[in-house]
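>>> quick one: sequence plus predicted model below, questions after.
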Amino acid sequence: MDPNRILTGPYTLKPLKQLNTSKCSKEEILDYFENAYSLNESLFTILSCEEAFYKCPDRLRLPLIFYYGHTAVVYLNKLTLAGLLQERVNFEFETMFETGVDEMNWDDTENYRMGGSYKWPSVNEVAEFRGEVRKLIRQVILDTPLELPVTQESPWWAVFMGLDHERTHIETSAVLIRQLPIDMVRNIEGWKLAPRTHEDGVNNKIAMVTVDASEVTLGKPVDYPTYGWDCEYPQVNKSVPAFEASAFLITNKQFFHFVNTRGYHRREWWTKEGWEWKTFREAKHPVFWVCTKGCKSNCGADLADYTHCKPKDSTNDDNSNGHSTNGVSHGDDAFERKHGRKYRYRTMCGEIAMPWDWPVIVNYHEAKAFCNWKKDDFRLPTEAEQWAMRDDEVPSDEMHNVNSAYDSSTPVNMYPPSQKGFYDVIGNAWEWVEDNFNGYPGFKSSYLYDDYAGSSMDGRHNIIVGGSWISRSGSMAHFSRYAFRRHFYQFAGFRLCRSVNFSEDPPVVLVPQINAKQDFTISLRNTDKHIQQSKNQQFLEERPEALQKRLQEEYGSMNEGNFYSRLHDICLDIVQAHNNSFNRVLDVGCACGRLAFELAKDFKEVVGLDFCEQYICASEQLKKKGHLSYHLLNEEDLDQPPPAKQARTNGEEMAEDAIIPSGVDVNRVTFKQMTWLPNELADYDLVIQHGLERVQNKKAWLVRLWEVITPGGVAVVVCRDGWTQKDLMPILESR
């Protein structure tokens, strides 16, 4: 049952239902914690050997050992931020397993932690760590007074965040495990696949259902009594023009016809970004289909040359690694006889004959190419349209393939439809929608996880909605909305959609990419009407004019750097008043580096940190060359919103040089781009936080200061948008 000795509690594949935050007891919270912790560990018993923990099944993800340890660290981090924990368990592990790789472009180089040279701890060491964390979280739950209801302002919200994060990673880890070489996985006790077909099967013709124009309410009520991520709130009303959509999710059989007509070889069906991804990946069919032609896998590091698509013995049709496929196809025997041997299907633990009636699992690019191939103005639904297909009430688990009712997808006709005639609007497979990911109007990030959603509101991420077979409860899947780069894989499929009246644009949300030529993939009559600025205000600082303004403020003749010179002097006075020998300094909100360079005159090690990529790049250029040219803006232009006016003086564009202060040893300065204060930042004698007016959640940038500073160290907090000591003290006084 546990060949790699990774379980720190009982083995289980039976998830509990989601907790009610208004009336749950400590005993129920404890049971749910134990269940979630065990579910995650039990999933990893699918791995047949320790070697598998150190493999990268996806070239854009870390080895599986990271994900085994990661969820335990998130409990510790969030409970520490909430004040429920005061001491760390193993700070080395809590730093190592804190952060995965950022969502990357499909052609990015692999992260340094993916290679064999990076030293990960042994599986046994990580299991022991997880066991320690398990005992500690149990004790926190038992010892902490419980006040109901648990709201987003409650310290207990951090506990529920850890619980839901654990359940979320069960799904994301399952996607990775399913891409491992088949000899690295095994069948496990209690794992149950769904039947390949249901009743008479699904007609290959795509049935469309019409939805009349309506008003829909998206999002989660703030007082809804279950945990929710910040991007799910608040509710928003939208007008949805009449549309029609496919009653079922697109099946493997329906997608087969796109593949069989060389859809992966026809440039005209793909978006520009999609074709570039397909060409780079050399994709020829969906990721979980298996053929016999040696296709390139999605694996990384030393599995980069591995292929799932190996020639198979024609007599080996039922090799499912010990699985029962719960029935055979009987819906279209002629189709099965003609095409059934062309492709097999990879499940979590083995390969089976192709389940033609299950939903096809694809990324956004593949889904969009299929829509274009079908022509007739087909597209994906929008988020609002997908909500319009649902029933008004929050769904029950029994009516949908969620919460591991089966350990696989099910035939798309197996569960009953919504009242409007749509199947699997909740569960079975997530659905890709046309919308770029953004916060709803009124979005507020959580200080416990400030960059959870905001970092994806960049126009490069689309939304998946509705949940899959392994998603936790139906009510959770009802409100869930996740952001993924369009080339990433989850257990996500899609359905076809199109407008009834083409004079009316669908209710889609488009977010412009910063510093990139926009390539919106949906045809609209009035595109500008649907463009929203990112709800993450920090992205606005990536505009070109923002860099010119920042360089001018820090280095230009208009201000002569007086603010930063004065702040440098204030910091020196504070340090001298403490009579301490301060060597290490952290400059949080360093922007283009002026204060960091000033501090390097007096301190041996200065780290400048900022969330803005272009500011950090400018700082690096200044460090390397000593100067950086920028366009001079006049006072009128400094406060202009986008699009910025052209920099000018007397009608002509002017350039000036930003020059670092004299007498600076630039080797003392290091710059880092980070969107929060991670555990790797520690042991600083002096911390200056002077960018609070620029961030979307001030508290998120303050609550870890006490861990970043050495005993006896000093924090200097500067805010230029009206915040005072009165505002700061509720956050800092307990530390």
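That came in fine, so what should we check first?
>>> tell me where the model's unsure across the stretch 1-150 of the chain.
Applying pLDDT under 70 to the stretch 1-150 of the chain flags the ranges 102-104, 106-116.
>>> quick one, phi/psi of Pro181?
phi -50, psi 140 (degrees, to the nearest 10).
>>> residue contacts, the nearest residue to it once chain neighbours are set aside?
Distance criterion Cβ to Cβ, 6 or more residues apart in numbering; nearest residue to Pro181, sequence neighbours excluded, is Tyr306 at 5.8 Å. C-beta coordinates here come from the backbone N, C-alpha and C atoms, glycine included. Going by Cβ atoms under 8 Å, 6 or more residues apart in numbering, Tyr306 touches Pro181, Ser297, Cys299.
>>> mind listing what Pro149 touches?
Thr21, Ser22, Lys23, Asp223, Pro225 are the contacts of Pro149 under Cβ under 8 Å, 6+ apart.
>>> list buried members of these by neighbour count.
Buried members of the contacts of Pro149, scored by 16 or more other Cβ atoms under 10 Å, are Thr21, Pro225.
>>> I'd like the contacts of Pro149 laid out as CSV, including secondary structure.
Shown next, in CSV, are the contacts of Pro149 (DSSP: H, G, I helix; E, B strand; the rest coil):
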residue, secondary structure
Thr21, coil
Ser22, coil
Lys23, coil
Asp223, coil
Pro225, coil
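>>> circling back to that earlier point, quick check: pLDDT value at the residue nearest to Pro181.
For Tyr306, the pLDDT comes out at 93.
>>> dihedrals phi and psi, it?
Residue torsions, per degrees, to the nearest 10, at Tyr306 are phi -70, psi 150.
>>> mind listing what the nearest residue to Met389 once chain neighbours are set aside touches?
The shortest distance from Met389 to any non-neighbouring residue, by Cβ to Cβ, 6+ apart, is to Phe422 (4.2 Å). Neighbour list for Phe422: Val209, Ala245, Ala247, Met389, Arg390, Arg495 [criterion: Cβ under 8 Å, 6+ apart].
>>> just the C-alphas of the helix or strand hosting the second one, formatted as PDB.
Just to be clear, that refers to Ala245. Assigned by DSSP states H and E, Ala245 belongs to strand 243-246. In PDB, the C-alpha atoms belonging to strand 243-246 read as follows (Å, rounded to 0.1, in the frame of the first residue of the first chain):
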ATOM      1  CA  PHE A 243     -26.300  32.200 -27.400                       C
ATOM      2  CA  GLU A 244     -26.200  28.500 -28.100                       C
ATOM      3  CA  ALA A 245     -23.700  25.900 -26.800                       C
ATOM      4  CA  SER A 246     -23.100  22.200 -27.100                       C
END
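>>> tell me the strands beside it, with direction?
Next to strand 243-246 in the sheet, as set by DSSP bridges, lie strand 208-211 (antiparallel), strand 497-499 (antiparallel).
>>> tell me which of those sits nearest to Ala577.
strand 497-499 (65.6 Å; Cβ to Cβ).
>>> so after the closest one, what's the next helix or strand?
helix 527-530.
>>> next, the buried residues of the very next helix or strand once past that next one.
Moving toward the C-terminus from helix 527-530, the next helix or strand (DSSP H and E) is helix 544-555. Buried positions in helix 544-555, judged by neighbour count with 16+ other Cβ under 10 Å: Glu545, Ala546, Leu547, Gln548, Lys549, Arg550, Leu551, Gln552, Glu553, Glu554, Tyr555.
>>> specify which member of those is nearest to Glu27.
Nearest to Glu27 among the buried residues of helix 544-555, with distances taken as Cβ to Cβ, is Ala546, at 51.8 Å.
>>> can you pull the pLDDT of the residue lying closest to that closest one once chain neighbours are set aside?
Distances taken as Cβ to Cβ, 6+ apart put Leu540 closest to Ala546, at 6.6 Å, once the chain neighbours are dropped. With respect to pLDDT, Leu540 scores 91.
>>> and what of Asp528?
89.
>>> burial count for it?
Other residues near Asp528 come to 7 when the count uses other Cβ atoms under 10 Å.
>>> list the contacts of Ser418.
Per Cβ under 8 Å, 6+ apart, neighbours of Ser418: Met389, Arg390, Asp391, Val425.
>>> picking up where we left off before, what separation do you get for the residue nearest to Pro181 and Lys375?
36 Å (Cβ to Cβ, to the nearest Å).
>>> swap in Glu383?
From Glu383 to Lys375 the distance is 24 Å (Cβ to Cβ).
>>> look at those two and report which has more neighbours.
Between Glu383 and Lys375, counted using other Cβ under 10 Å, Glu383 has the larger neighbour count: 26 against 8.
>>> that one and Ile463 touch, don't they?
Yes - using Cβ atoms under 8 Å, Glu383 is in contact with Ile463, at 5.7 Å.
>>> now Val222: which helix or strand?
Counting by DSSP H and E, Val222 is found in no helix or strand.
>>> ok, now which ones touch Asp58?
Val175, Leu176, Gln179, Asn298, Cys299, Gly300, Tyr489.
>>> sorry, back to before: make a markdown table out of the contacts of Tyr306 and add neighbour count.
Output for the contacts of Tyr306, formatted as a markdown table (neighbours: other Cβ atoms under 10 Å):
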| residue | neighbour count |
| --- | --- |
| Pro181 | 16 |
| Ser297 | 22 |
| Cys299 | 22 |
